[in-house]
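**Q** using only what follows, build the 3D model:
(one chain, ligands or ions: 1)
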Amino acid sequence: MIYRSPGAIKPGIESHGLARLLGGRGSHGLSRSVTVRVEKLGTSLEQLVVPRLHYEAKKIESINNSGLHMVGGRAFGSPRLSKAMKDCETMICFLATIGSGIEKEIARLMEGNRLSDAYILDSMGSVAVENMVEEFHQGFTRGYESEDKRVTLRFSPGYCDWPITEQKNLFEFFDSNGTGIELLPSCLMRPRKSISGVFGVYNNGAKMAYNPCLDCPMKHCEARRV
Ligand code: SF4
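**A** Numbers count the residues shown, from 1 in each chain. This next block holds a predicted model:
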């Protein structure tokens, strides 16, 4: 399925996320000179971004401590994912990208020795695709409220204890020609500014969604959710 909720597919630049990537400071999180560059590059970013987000709702067949099996035979081997999904019957699997236009522009800036601009644009692209996926996730959170259901946190292959090699299993849920995202032999994605992942759906009566970060010893992990 292609996600078509109005507004949710429009990637925005969330200033806090950008400030975190660019080591920001000051009242808006970024220095004045970086803010000027961000504003200037923002105009071209709008032209460069071609957002696409595909998702599939898939049934979970069984869950144990080391992983979970989906109806249809695909398995995911992550104890943390397993724990997070323990009250779920359905998992939303998604692939999202803002396209390859931004990468071409970053390469052009680098060739022109505009390294700072290239770095800032790269960071803006990361924030844009993350923001798009966050909006998508929040959209499901709101949408399920009326059905008295909730969603778990998001998880992506390659994070926490979920091996990146399991991207292959996730990609098998999608038509390889239809998403605009290619899975490389390394299990990284092309275009680079793409995010793959899952979240579960559970009945509101169940306990709060499990957050593995709360009992994880990796205190300085960049993906930490608190
Ligand atoms: S802090 Fe959270 S995101 Fe980072 S490795 Fe631990 S559980 Fe995963």
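
**Q** going along the chain, name the helices of the protein.
**A** When assigned using DSSP state H, the helices of the chain occupy the ranges 15-21, 32-48, 79-84, 101-111, 115-145, 167-171.

**Q** possible to save these as TSV with mean pLDDT and mean neighbour count?
**A** Just so you know, the C-beta spots here come from the backbone N, C-alpha and C atoms, and that holds for glycine as well. Rendered in TSV, the data for those read as follows (pLDDT from 0 to 100; neighbours: other CB atoms under 10 Å):
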stretch	mean pLDDT	mean neighbour count
helix 15-21	76	17
helix 32-48	84	15
helix 79-84	93	20
helix 101-111	94	17
helix 115-145	92	19
helix 167-171	95	19
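
**Q** which ones are touching the residue nearest to the spatial centre of the chain?
**A** For the chain, the residue nearest the mean C-alpha position is residue 195 (4.2 Å; CA atoms, centre = their mean). Contacts for residue 195 were tallied using CB atoms under 8 Å, 6 or more residues apart in numbering; they are 94-97, 129-130, 133, 156.

**Q** from those residues, pick the one nearest the ligand.
**A** Distances from the ligand to those, taken as CB to the nearest ligand atom, are shortest for residue 156 (9.6 Å).

**Q** okay, that closest one: pLDDT?
**A** If you check residue 156, the pLDDT there is 95.

**Q** isn't it right next to residue 194, touching?
**A** No. Shown here, residue 156 and residue 194 do not form a contact pair, counting by CB atoms under 8 Å, at 10.5 Å.

**Q** quick one: contacts for residue 57?
**A** 1, 90-93, 201.

**Q** who in this structure is up against the ligand?
**A** Residues of the chain found near the ligand, taking CB under 6 Å from any ligand atom as the criterion, are 159-160, 212-213, 216, 218, 221, 223-224.

**Q** run the last query once more with 5 Å
**A** Contact residues, the chain versus the ligand (CB under 5 Å from any ligand atom): 160, 212-213, 216, 218, 221, 223-224.

**Q** mark which of those are buried, thanks.
**A** Burial by neighbour count, judged by 16 or more other CB atoms under 10 Å, picks out 160, 212-213 from these.

**Q** out of the residues you listed, who's nearest residue 118?
**A** Among these, residue 160 lies closest to residue 118 (CB to CB), at 30.1 Å.

**Q** with adjacent residues omitted, what lies nearest to that closest one?
**A** Once its chain neighbours are removed from consideration, residue 160 has its nearest residue in residue 80; the separation is 4.8 Å (CB to CB, 6 or more residues apart in numbering).

**Q** counting residues, which strand of the protein comes out longest?
**A** With DSSP state E applied, the strand covering the greatest number of residues in the chain is identified as strand 52-64.
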